[in-house]
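Q: starting from these lines, generate the structure:
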Amino acid sequence: MTNEINIKPSNKILNLPKYIFAELDEWKAEAKANGTDIIDLGIGNPDGPTPNDVVNAAVSSIQNPLSHGYPSFRGKIEFRKSIAKWMKERYNVEICPNFGIQTLNGAKEGLANVALAFTNPGDINIVPDPYYPVLSRGTWIASGEVYHTPLTPENNFLPDLKSIPEDIAKRAKLFFINYPNNPTAAIAPLSFLKEIVAFCRKYSILLVSDLAYGEICYDNYRPHSIFEVEGAQDIAVEFHSFSKTFNMAGWRVGFVVGKKEFIDTIYAMKTNMDYGTATIVQDAAIKALNMDYKNVEKIVANYARRREMAIKMLQELGWTVQKTKATMYLWLKVPDGFTSKDFCKYVLDKTGVVLTPGIAFGAYSDGYFRLSLVQPDEKIKEALNRLKAAGISFKTPLKG
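A: Alright, predicted model coming up:
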C-alpha cells in the first residue's frame, strides 16, 4: 500500500509575494531562448571589476592555510578596527571595534537577521514604500506585520512621519530607512534624520538605517550617517555594504554598527543562523577599507558619466528626469496605459532592454520603473537608442 505524500512549504514561504527579480530572470531566459540580444539595465549588479589591490589581498589570504578554518562570528579584530577607522574618516563617527560592530555576509543577510532578532509574531515594523525587498520580507518571515508608509515625489521620497497613525507608531518595533535610496535615488537631509531620530526615541522604535549607497554620490554630495544625529546611538543601527562601493557584490561582505546591546542581539541571531564572513573575504575587505580612495573615486566617476548621458537621452525621449545626487539608479514614471510590469515586459519584447518594474519595490511603486547604470557607456547608449528606434517614449501612450 502506498501512502500519499503531501509535503508542503511553511505558510511563511507560501504567503510571501512572488519575488519580481526571479520573474525578471524568467523573462530574460525566455528572451534569450528566442534569440534576443539582451541589454540588462535591471538588477543593480556592478559591472566593473573589483580593484586589483583587493583581489591581490584575497589571493594572498587564500594561500595562507590559517585562512581556511572557520571564521570568527564577530569578524577579525583587524577587520573591525579597519571598519572603525573608516567610519571615523568617512563620517566622523566613533565606533567601538570591540563591541559596536558585527561583520556580515552582505548587508542583505544582516537586514533580514535584524528583523528576525527583534520581531515577535504580530509585531509591526514600518517600511517606507518603495523599498528594497528584504526590508519587508525579513519581517514577514519573522511573522511580523509591515506598515508601509508611501514615499512620494511631493515629499522628495521621504516618509511623512506625521501621516503615520499614532496606534501604529506605538506598536512599531523597527523603522527601516535607506538613504541614499534604492530605488528612487532620493537623499535624506540632516534635518530629516533629526526628525526621524526624535520620532523613534519618542516611541521606543529601533531605527534601522541602510547606508549601502553612502559612497556612490556625485557633485560633491556627501550623505550623513545616522550617528551624526545626537541621541541616535540610543535607538539606531546602521548597515554598510562593500557591494557597490568597491565592486564586491559577489564577495558577500558588509557590516552593521551600533551600540553593544543591539549588536549583541544581531550577533546572537547570526550565531544561530550561519557563520562569520570567510577569512579570505575579510582580508580582502580590510584592504578595500585601507587602500587609496582613488579606486572608489574611479568607480563613482563611471556612474556619474553614465548618469549624465542617460539623463540627456531620456529627456530627449520625453521623460522628466531629476539630476540624481547618489546611487546608480534612475527612477522614472511609466507611460500612460501601462502597469510597471506591463511596460517593462513591453520594452523587453520590443527592444531586448531589461528594466525593473516598480512593483518589485512595493504596492505604491507601480507607476514607476528603475533603470540601473550597470553597463558600459556604449551599452547604455545602445539600449536607449533601441527605445528611440522602437518609438518608445514617455509622451506617447503605447498600449491600447
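
Q: do a quick rundown of the strands in the stretch 1-150 of the chain.
A: Along the stretch 1-150 of the chain, the segments classed as strands by DSSP state E, counting those that start in this stretch run 39-40, 101-104, 124-129, 145-150.

Q: what's the closest of the ones you listed to residue 307?
A: Ranking the strands of the stretch 1-150 of the chain by proximity to residue 307 (CB to CB) places strand 39-40 first, at 17.0 Å. Backbone N, C-alpha and C define where each C-beta goes, glycine included.

Q: now residue 306. Its backbone dihedrals?
A: phi -70, psi -40 (degrees, to the nearest 10).

Q: residue contacts, it?
A: 328, 373, 377, 380 (CB atoms under 8 Å, 6 or more residues apart in numbering).

Q: let's see that with 7 Å instead.
A: By CB atoms under 7 Å, 6 or more residues apart in numbering, the residues touching residue 306 are 373, 377, 380.

Q: residue 168 contacts residue 147, doesn't it?
A: Yes. With contact taken as CB atoms under 7 Å, residue 168 and residue 147 are classed as touching, separated by 5.0 Å.

Q: now the common contact residues for these two.
A: By CB under 7 Å, 6+ apart, the residues touching both residue 168 and residue 147 are residue 124.

Q: for these two, indicate the residue with more neighbours.
A: residue 147 (18 against 14; other CB atoms under 10 Å).

Q: tell me the pLDDT of the closest residue to residue 325 other than its chain neighbours.
A: By the measure of CB to CB, 6 or more residues apart in numbering, the closest residue to residue 325 outside its immediate chain neighbours is residue 221, 4.3 Å from it. We note a pLDDT of 96 for residue 221 in this prediction.

Q: how many neighbours does the closest residue to residue 249 other than its chain neighbours have?
A: Using CB to CB, 6+ apart and skipping the chain neighbours, the partner closest in space to residue 249 is residue 243 (4.0 Å). Here the number of neighbours of residue 243 (other CB under 10 Å) works out to 22.

Q: for residue 243, give me its contacts.
A: Counting by CB under 7 Å, 6+ apart, the residues that residue 243 touches are 46, 106, 212, 249.

Q: how much space between the nearest residue to the third one once chain neighbours are set aside and residue 111?
A: Spelled out, it's residue 212. In this structure, residue 212 finds its nearest non-sequential neighbour in residue 241, 4.2 Å apart by CB to CB, 6+ apart. When distance is defined by CB to CB, to the nearest Å, residue 241 is 10 Å away from residue 111.

Q: can you give me the helices for the stretch 151-300 of the chain?
A: 166-171, 190-203, 260-273, 279-290, 294-316 (DSSP state H, counting those that start in this stretch).

Q: put together TSV for those helices, with mean pLDDT and distance to residue 81 on each row.
A: TSV is the format used below for those (pLDDT from 0 to 100; distance: least, CB to CB, whole Å):
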stretch	mean pLDDT	distance to residue 81
helix 166-171	96	38
helix 190-203	98	27
helix 260-273	94	15
helix 279-290	97	9
helix 294-316	95	20
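
Q: ok so, going back, count of residues packed around the residue nearest to residue 212?
A: 25.

Q: pretty sure residue 87 contacts residue 95?
A: Yes. Using CB under 7 Å, residue 87 is in contact with residue 95, at 4.9 Å.

Q: shared neighbours of those two, anything?
A: Joint contacts of residue 87 and residue 95 (CB under 7 Å, 6+ apart) are residue 257.

Q: looking at it, residue 370 is touching residue 183, isn't it?
A: Yes. With contact defined as CB under 7 Å, residue 370 reaches residue 183; the gap is 4.2 Å.

Q: overlap in contacts of the two?
A: 329, 331.

Q: surely residue 136 meets residue 127?
A: Yes. Here residue 136 reaches residue 127: they are 5.0 Å apart, a contact under CB under 7 Å.

Q: mind listing what the residue lying closest to residue 73 once chain neighbours are set aside touches?
A: Leaving out its chain neighbours, the residue that sits closest to residue 73 by CB to CB, 6+ apart is residue 276, at 4.7 Å. Counting by CB under 7 Å, 6+ apart, residue 276 touches 71, 72, 73, 74, 75, 103.

Q: how many residues are close by the residue nearest to residue 325?
A: 11.

Q: report the buried residues of stretch 249-267.
A: Neighbour-count burial for stretch 249-267, counted by 16 or more other CB atoms under 10 Å, picks out 249, 251-259, 262-263, 265-267.

Q: hmm, I typed the wrong one, I wanted stretch 160-169.
A: Those would be 161, 164, 169, for stretch 160-169 by 16+ other CB under 10 Å.

Q: cool, and stretch 119-130?
A: 119, 123, 124, 125, 126, 127, 128, 129, 130.

Q: which one of those residues is nearest residue 177?
A: So of the buried residues of stretch 119-130, ranked by how close each gets to residue 177 (CB to CB), first place is residue 128, at 6.7 Å.

Q: can you pull the pLDDT of the closest one?
A: 97.
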